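Q: Could you work out the structure for the sequence below:
(chains A and B)
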Amino acid sequence: MSQQLRVPQGTESFFLEEAVRHKDILGRLEKLYRLWGYLPVQTPMVDFFDSYSDLLDRKRQEESYRMISREGDLLILRSDITLFLARQMALVLEEDHLPVRVFYSDSILRYQNHEDISHNEFFQTGCELIGRKGIMGDLEVIMLLHDQLTALNLPAFRIHIGSRSLFRTLLSLHGQEKNEAELARLLDIRDYEGLCSYLPCEAADLLFFIGTSDEFRKKVSSLSEGMGKGLKGDLSLFEDLLDQLKKTEKDTCFRVDMSEIGGQPYYTGFVFQAYMEGADRAIASGGRYDDLFGRFGRDVTSVGFSLLLRKIEKLMEHPAPDKPSHVRGEGKDFAELYREASRRRDRDEPVCIG
Amino acid sequence: MNREPLTIALPKGRLFEQVQEFFSAKGLNFQFEKRKLVSYDEEGLLKIYLVKNSDLPAYVNSGIAGLGVCGDDVVYESGLDFYRIRTFDFGGTRLSMAALQDRVEENIQRELTIATSYTAMTRDYFHERGIPVNIIRLNGSVELAPSLGLAPYIVDLVETGSTLRANGLEVIQDLMTIKVRMISNRAYFKLNYDRIQTLLDRIGGE
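A: Numbers count the residues shown, from 1 in each chain, chains lettered A, B, ... in the order given. Coordinates of the predicted model:
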């Protein structure tokens, strides 16, 4: 088959009106990041695979593009900006500057089955709040995501909040720490019977819980004494977070969802995913990963999210860009046309010459 | 939030009749007009798409149908991930390996040549056990392969085993149990969990 007619799976280009829309939407998001005090960062396209191999599950490894450098090192093309950013920031962070707020917007490369074109995971924008512990950091990040999605006037969206740490405590209570990966897999496909073969069904019921914060409180109050006591620390932190969200009076789009435990094993605390009508998968995901920077030699906490922008662009209403007018004139030379166009451009009018 | 009927894809064929009967027993009645592939239940709770069994995962994966009913084999072979939100007690079967009756005693701990329509499940099953396997993909009438000399072994879904016996075949071993489940697109489930839970409560089961 002619190579001229093919593009590698997991890549895309976009042009003209679609590109204008992408840039406009990105501009709105980046403006809001700046208003929240976040500064831009740029990560490299390629890095050493070994730096990330134990942070990526098997599926994510299989989706990544890898290659051999001229020196014989195995390299990975940027498939997850959170990881690339953590490693880069770990190299340059200074203690005196913490907390650090950064945002990014860039392409990522992941293999996409040619029979499954629904992922659209080609472009990530997101933020990291580095060096802020506790729920103040958690709340800042989740409310920033809330404000971003609200600013885009998306169709109905919801943010589901869960906790990797509560999940781990639950496993610890029942001596199942060594089966974390398998239990995460069972939870990931909502296999209730499977979970109940490892954990008491009360634990499986809790992990399957989805509801409002008030419904969650009722659920917590109905837990058996042993379960409630064992999870007391995690539940208390989680309820503090929900209290604060309620006080923002913008909590109607939040749901407590204990099946959310973070798609990647590096999550350590609260986690969340955002969903919207018309999108076949989560459009954003994030949470706390306090050990991630430690993997790169820096003992500093972090919390953040990433938004898969291409998934939502096609579902948004966005006006077509203004068509430029033209300056023309028989016998006029370029300099005359240029001067006329410049006068109109000074008034922010798009103008083509000729 | 969306209050339209829940969307569900059902597979054409024998499984459809079992699903229809099961739903009817729960008071969820629906019929398809001749040649039509879209219908609603009488209460308007469900919008139902009738699709080819092997295409069902594609519709649920895209979110066009938020829910679907199909066997584990269909999901596995699609390579796609879904929530398994209900397991039904009808339609279950086994994925089994079979050979001509005079070959069943042969040692299978060596490289195998297997004819099957279930290539992903077969490959993964044997590879996970460190057994090399050559797979010949067939789209039907797999039972013919051993007697015609295409492959000494087949892997196929077996219910009663009568088709195998009619072709001189015998089950060597069961590879896995196949259950019929209700699956859900993940995002669709998250956005409609309360209505889906109401449906699940109504139809009962695990």
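
Q: residues from chain B in reach of chain A?
A: Counting by CB under 8 Å from any CB of the partner chain, chain B comes close to chain A at B:1-2, B:58, B:61-63, B:79-85, B:87, B:184-191, B:193, B:206. Using the backbone N, CA and C atoms, a C-beta is placed for each residue, glycine as well.

Q: worst-scoring helix or strand of the chain, pLDDT-wise?
A: Answering for chain A, as no chain was given. helix A:58-63 (a mean of 85; mean pLDDT, DSSP states H and E).

Q: Can you look at chain B instead?
A: In chain B, no helix or strand scores lower on mean pLDDT, DSSP H and E than helix B:162-166, which sits at a mean of 92.

Q: in it, what counts as buried?
A: Neighbour counts over helix B:162-166 (16 or more other CB atoms under 10 Å in any protein chain shown) mark B:163-164 as buried.

Q: Extract the C-alpha trace of it and format it as CSV.
A: Provided in CSV are the C-alpha atoms of helix B:162-166 (Å, rounded to 0.1, in the frame of the first residue of the first chain):
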residue,chain,number,x,y,z
SER,B,162,-24.6,-33.2,19.9
THR,B,163,-23.1,-31.4,16.9
LEU,B,164,-19.7,-32.6,17.9
ARG,B,165,-20.8,-36.2,18.3
ALA,B,166,-22.6,-36.1,14.9
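
Q: Nearest residue to whatever residue of the stretch 51-200 of chain A ends up closest to chain B in space, please, no chain neighbours.
A: Per CB to the nearest CB, A:Arg190 is where the stretch 51-200 of chain A lies closest to chain B, at 4.2 Å. In this structure, A:Arg190 finds its nearest non-sequential neighbour in B:Tyr83, 4.2 Å apart by CB to CB, 6 or more residues apart in numbering or on different chains.

Q: How many residues are close by the residue of the stretch 51-200 of chain A closest to chain B?
A: 21 (other CB atoms under 10 Å in any protein chain shown).

Q: hang on, it packs against A:Ser259?
A: Yes - using CB atoms under 8 Å, A:Arg190 is in contact with A:Ser259, at 6.7 Å.

Q: you'd agree B:Gly44 is in a strand?
A: No - secondary structure of B:Gly44 (DSSP: H, G, I helix; E, B strand; the rest coil): coil, not part of a strand.

Q: distance of it from B:Leu150?
A: 50 Å (CB to CB, to the nearest Å).

Q: same deal with A:Ser302?
A: Using CB to CB, we find A:Ser302 at a distance of 57 Å from B:Leu150.

Q: Which one of these two is surrounded by more residues?
A: Neighbours were tallied for A:Ser302 and for B:Leu150 using other CB under 10 Å; the higher tally belongs to A:Ser302 (30 against 14).

Q: Go ahead and confirm that one touches A:Glu128.
A: Yes - under the criterion of CB under 8 Å, A:Ser302 makes contact with A:Glu128 at 5.7 Å.

Q: tell me the centre residue of the chain?
A: This is for chain A. A:Ser306 (1.9 Å; CA atoms, centre = their mean).

Q: you looked at the wrong chain, it should be chain B
A: Nearest to the geometric centre of chain B sits B:Gly71, at 2.3 Å (CA atoms, centre = their mean).
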